[in-house]
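*Asks:* Next one to model:
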Amino acid sequence: MRNRFIFIYLLFPLSISAQTSGTYTLKQSIEIALANNISMKQSQASVESNTISLKQAKINRYPSLNAGASQSYNFGRSVNPYDNTVVANQQVNSNNLSLTSNLNIFSGFQNTYSIQQKALIVKASKEDVGTTRNNIVLGVVESYANVLSNKAILLSSQSQFEGTNAQIDRTEKLVQAGRLPVTNLYDLKAQLATEETNIVLAENNLELAKLTLAQWMQVDPSLIQDVQEPSVVVDERSEKTATEVFAIAEPNQPQIIAAKTRVMSADKSISMAKSSFYPSLNFQAGLFTNYSSIAKRFVPGQPLTTPVLTPNPFLVLKDLDGNVVPYYLNQVSYTESPRTENLNFNDQFDNNLRKGFSFNLSIPIFNALQSRYSVETAKINRLNAQLQLDEQKNQLRQTIETAVANEKAARKRLQAIEKQISALEESFRSSEQRFNLGVLNAVDFLLVKNNLARAQNDKSRYRYDFFIRRALLDFYLGKELNFN
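*Replies:* Residues are numbered from 1 along each chain as shown. Purely as a prediction, here's the structure:
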């Protein structure tokens, strides 16, 4: 499984407010660092931002719907928007209302490529979060081991100081008894002063190491009073070559996956650039209406229901006998005169409502070679993405080669120093007995003592250096590490 090195630290994230002073385990230190690290939060914010862009790309496939409204005030000579007649010296208040929709039917599959590209960008940004997380974990492990190393050196310095102090007490008694020269006592007191200085230096180095750990955790340094020592087992395992470790690590490392994903994203950019060579087809539809404050309609008068007969003096009709027959006209009369009246908004909304739709086809013929240059630029970006992937692989290979060599050297160095300490301890016990008997001078005795002290300090450094090297190598091998 990928990134199992860090999974055990993500189960119980700690909030900053829950942090208290005391002794921290490595697991707690990593949890706090992951929860507080600003770079981690920025990477997660980048994922959210890219996810929103992906959602927007998916929504772009659907039709758009927009409503519009405008209000106008005109004074003096203007045009009545209701019937397009010219009016003078009038104030005209008018508005226009619209509801329009637009749908892209075809654009060279640009929307499809855009969705695929943004999905790849989201995937790459998630892998970036994993890369940031791994860097934090490895940084905390190294600084934690540095605290342990300096803590062990401080304990060793204090033990040497106490041993020398006890040796001074014994030497004072031997000098008073005349069995040892007083110079031996002076040499031991000088050694005691040196070891006291070493304690001060070890304390300073330990505080600096705690400060570095606190900075990785992004907490107040005063909270870190002590750290709990994990188990370190130096075992003889079947050694893997750097090539074998790289073959296991390369498919699972987030920075490699992110780089590969960005190469695929660059391929989609090329496809998007090529889509500009294809015609595009859009569909548009809309509803429109308008209103005018001076819009009027004609209202005719109402005629009488009883006709009024009026003789026609200009037309004379006679019957067969020559008698004049009167001819009457039916003259229409109205109860009220014709008039005009203002149109309200609802009437104008219905009267002026118009509908329409259209298909718009755009065929690219020449656009100053923009499409061609866009494709060439996208290909260059794809080449850069591939080069970035190759660089990430080279860096990973070199890191693994160094990690394999360092782990092997650290393990052998630790085994050798343990054998050396065992021999030096026997030499020191013998030298101490000879010194107390006055057979060995102080210079030779202190030389043996300092050699043992130096070896013990080296063991502290080598032990935690091996701890770091083993953790790094197991990380690339994809192993779960349980630091107890």
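
*Asks:* Run through the strands of the chain in chain order.
*Replies:* Here the chain has its strands, by DSSP state E, at 22-24, 64-74, 78-80, 85-87, 92-106, 224-227, 280-292, 296-299, 308-311, 317-318, 324-325, 328-331, 339-342, 354-362.

*Asks:* Next, format the ones you listed as a markdown table and append mean pLDDT, distance to Ser39 and mean neighbour count.
*Replies:* Placement of C-beta: from N, CA and C, glycine included. A markdown table is the format used below for the strands of the chain (pLDDT from 0 to 100; distance: least, CB to CB, whole Å; neighbours: other CB atoms under 10 Å):
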| stretch | mean pLDDT | distance to Ser39 | mean neighbour count |
| --- | --- | --- | --- |
| strand 22-24 | 85 | 21 | 15 |
| strand 64-74 | 88 | 38 | 11 |
| strand 78-80 | 76 | 63 | 17 |
| strand 85-87 | 78 | 68 | 11 |
| strand 92-106 | 90 | 39 | 15 |
| strand 224-227 | 88 | 21 | 16 |
| strand 280-292 | 90 | 42 | 17 |
| strand 296-299 | 70 | 71 | 12 |
| strand 308-311 | 59 | 99 | 10 |
| strand 317-318 | 66 | 112 | 10 |
| strand 324-325 | 68 | 114 | 8 |
| strand 328-331 | 58 | 98 | 10 |
| strand 339-342 | 72 | 68 | 10 |
| strand 354-362 | 91 | 45 | 10 |
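
*Asks:* nearest to Arg413, of the ones you listed?
*Replies:* For the strands of the chain, the distance to Arg413 is smallest for strand 224-227, at 23.3 Å, taking CB to CB.

*Asks:* which residues are contacting that closest one?
*Replies:* Strand 224-227 has contacts (CB atoms under 8 Å, 6 or more residues apart in numbering) with 21-26, 29, 144, 147-148, 151, 210, 213-214, 217.

*Asks:* Apply 10 Å and report the result again.
*Replies:* With contact meaning CB atoms under 10 Å, 6 or more residues apart in numbering, strand 224-227 is reached by 19, 21-26, 28-29, 143-145, 147-148, 151, 206-207, 209-211, 213-214, 217.

*Asks:* Pull up the pairing partners for it, direction included.
*Replies:* Using DSSP bridges, the strands paired with strand 224-227 are strand 22-24 (parallel).

*Asks:* just how off-centre is the partner strand within its chain?
*Replies:* 30 Å (CA atoms, centre = their mean, to the nearest Å).

*Asks:* One more: stretch 156-167?
*Replies:* Worked out by CA atoms, centre = their mean, stretch 156-167 lies 52 Å from the chain centre.

*Asks:* hmm, who's touching it?
*Replies:* By CB under 10 Å, 6+ apart, stretch 156-167 touches 171, 184-185, 188-189, 191-203, 428, 432, 435-436, 442, 445-446, 449-450, 452-457, 459-460.

*Asks:* show me what contacts the closest residue to Ser358 other than its chain neighbours?
*Replies:* Excluding its sequence neighbours, the residue lying closest to Ser358 (CB to CB, 6 or more residues apart in numbering) is Gln284, at 5.0 Å. Contact analysis of Gln284 by CB under 10 Å, 6+ apart lists 63-64, 100-103, 356-360.

*Asks:* rewinding a little: format the strands of the chain as a markdown table; extra columns: distance to Val263.
*Replies:* Conversion of the strands of the chain to a markdown table gives the following (distance: least, CB to CB, whole Å):
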| stretch | distance to Val263 |
| --- | --- |
| strand 22-24 | 41 |
| strand 64-74 | 33 |
| strand 78-80 | 61 |
| strand 85-87 | 66 |
| strand 92-106 | 28 |
| strand 224-227 | 42 |
| strand 280-292 | 28 |
| strand 296-299 | 69 |
| strand 308-311 | 97 |
| strand 317-318 | 106 |
| strand 324-325 | 108 |
| strand 328-331 | 94 |
| strand 339-342 | 69 |
| strand 354-362 | 32 |
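
*Asks:* Between these, which one is closest to Leu414.
*Replies:* strand 224-227 (20.2 Å).

*Asks:* Could you list the buried residues of stretch 41-57?
*Replies:* 43-44, 46-47, 50-51, 54, 57 (16 or more other CB atoms under 10 Å).

*Asks:* swap in stretch 403-410?
*Replies:* 403-404, 406-407, 410.

*Asks:* Turn those residues into a markdown table, including distance to Val129.
*Replies:* Output for those, formatted as a markdown table (distance: CB to CB, whole Å):
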| residue | distance to Val129 |
| --- | --- |
| Ala403 | 23 |
| Val404 | 27 |
| Asn406 | 27 |
| Glu407 | 27 |
| Ala410 | 31 |
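
*Asks:* Looking at those residues, which is nearest Thr132?
*Replies:* The nearest member of the buried residues of stretch 403-410 to Thr132, counting by CB to CB, is Ala403 at 19.8 Å.

*Asks:* Tell me how far the closest one lies from Leu477.
*Replies:* Computed with CB to CB, to the nearest Å, the distance linking Ala403 and Leu477 is 10 Å.

*Asks:* Identify the contacts common to those two.
*Replies:* By CB under 10 Å, 6+ apart, Ala403 and Leu477 have these common neighbours: 245, 249.

*Asks:* what's the nearest residue to Ser149 if we skip its chain neighbours?
*Replies:* Take Ser149 and drop its neighbours on the chain: the residue closest to it by CB to CB, 6+ apart is Tyr464, 4.2 Å away.
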